[in-house]
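Student: Whatever this is, show me its structure:
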Amino acid sequence: MINLIPFVKRKPMVAVIRLQGMIAASSSPGRLNDASLAPLIEAAFQRGKPKAVALVINSPGGSPVQSALIAARIRRLAEKHKVPVHAFVEDVAASGGYWLATAGDEIHADANSILGSIGVISAGFGLQDFIARYGVERRVYTSGESKSQLDPFRPENPEDVARLRGLMDQIHGNFIEQVKARRGARLNGENLFTGEFWVGTRAVELGLADAIGHLVPVMQERFGDKVRFRQYGLRRPFLSRLGLGLAHEAVALAEERALYARFGI
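Tutor: Prediction:
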């Protein structure tokens, strides 16, 4: 109602987008992807003329494509609406989670946050001995010599592995370009792109983050004690809130916990 009254000065507002969870194209509950986040990100920049957009990040990473799409959308809207973006790292912003953090003009972290892991990983299983032990014969018919690559039920083919490493190196190179383009001269250290990760205080020293700081006090310092916060985040599906689809959620949760466990949390 106050917005309809002329000459009444509105309190400054910061739009807060919560980016928590694994980054993946799937529609599993809690997954971060461009399709599900697009309406929230668009609204955060357009609704109520925010003084800034704050990204609250807690993600161990995931899909490099979805990470790039989300970060690119944030940057397009930031430049279009001339709104600064601040990233605030909670427990972890690693791998794709750190890619999201680079969408911020400034990156803030807790002293104990985990940041980095600028690399690419691919993992799987080799089950050829297992099926042989139980007398299972693998039958695959293809048209095209490269159609069946990295089959877990067959011995590794060195050519397939080399091809996969080539793809991963290209993605890694794109990740490095993103970090250098967004962090620029602030980067201060060697071996930043080996996949290693660091706690918040060390990340600040290395230029991967700008300062130790938390959402509310930092935004109050920038925009005054009366700053308002408008929250945006993914909601759990209705059936999920009723407790349905528990088996699907359990698998998704186990996958996410395995990613977080790589960083000791």
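Student: Please enumerate the strands of the stretch 101-250 of the chain.
Tutor: Counting by DSSP state E, counting those that start in this stretch, the stretch 101-250 of the chain has strands at residues 106-109, 114-116, 197-199, 211-212, 228-232.
Student: what is the mean pLDDT for the shortest one?
Tutor: To tie it back to what came earlier, the one meant is strand 211-212. Strand 211-212 comes out with an average pLDDT of 98.
Student: so what does it touch, helix or strand wise?
Tutor: When contacts are defined as 3 or more CB pairs under 8 Å, 6 or more residues apart in numbering; DSSP states H and E, strand 211-212 sits against strand 106-109, helix 200-206. In this view, the C-beta of every residue, glycine as well, is placed from N, C-alpha and C.
Student: before we move on, what about the last one?
Tutor: In terms of contacts (3+ CB pairs under 8 Å, 6+ apart), strand 228-232 is packed against strand 13-20, helix 34-46, helix 215-223.
Student: Compute the inter-axis angle for that strand and helix 34-46.
Tutor: Following axes from the mean of the first three to the mean of the last three CA atoms, to 10 degrees, one obtains 160 degrees for the angle between strand 228-232 and helix 34-46.
Student: Now tell me what touches strand 228-232 from outside.
Tutor: 11-18, 40-41, 43-44, 47-48, 50, 54, 215-216, 219 (CB atoms under 8 Å, 6 or more residues apart in numbering).
Student: what do you get for the shortest one?
Tutor: With CB under 8 Å, 6+ apart as the contact definition, strand 211-212 has outside contacts at E106, H108, A109, D110, A111, G200, T201, V204, V218.
Student: Mind doing that once more with 7 Å?
Tutor: H108, A109, D110, A111, G200, T201, V204 (CB atoms under 7 Å, 6 or more residues apart in numbering).
Student: cool, and stretch 119-130?
Tutor: Under CB under 7 Å, 6+ apart, the answer for stretch 119-130 is 64, 150, 152-156, 164, 168, 171-172, 175, 194-195.
Student: ok now that stretch, how far from the chain's centre?
Tutor: 23 Å (CA atoms, centre = their mean, to the nearest Å).
Student: Just the CA trace of that stretch, in PDB.
Tutor: The C-alpha coordinates for stretch 119-130 follow below in PDB (Å, rounded to 0.1, in the frame of the first residue of the first chain):
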ATOM      1  CA  GLY A 119      37.800 -29.000 -12.400                       C
ATOM      2  CA  VAL A 120      35.800 -31.700 -14.100                       C
ATOM      3  CA  ILE A 121      35.100 -35.200 -13.000                       C
ATOM      4  CA  SER A 122      33.500 -38.300 -14.600                       C
ATOM      5  CA  ALA A 123      33.000 -41.500 -12.600                       C
ATOM      6  CA  GLY A 124      31.600 -44.900 -13.300                       C
ATOM      7  CA  PHE A 125      32.000 -48.700 -12.800                       C
ATOM      8  CA  GLY A 126      33.600 -51.500 -14.600                       C
ATOM      9  CA  LEU A 127      31.300 -54.600 -14.300                       C
ATOM     10  CA  GLN A 128      32.700 -56.900 -17.000                       C
ATOM     11  CA  ASP A 129      34.300 -59.300 -14.500                       C
ATOM     12  CA  PHE A 130      31.100 -59.400 -12.400                       C
END
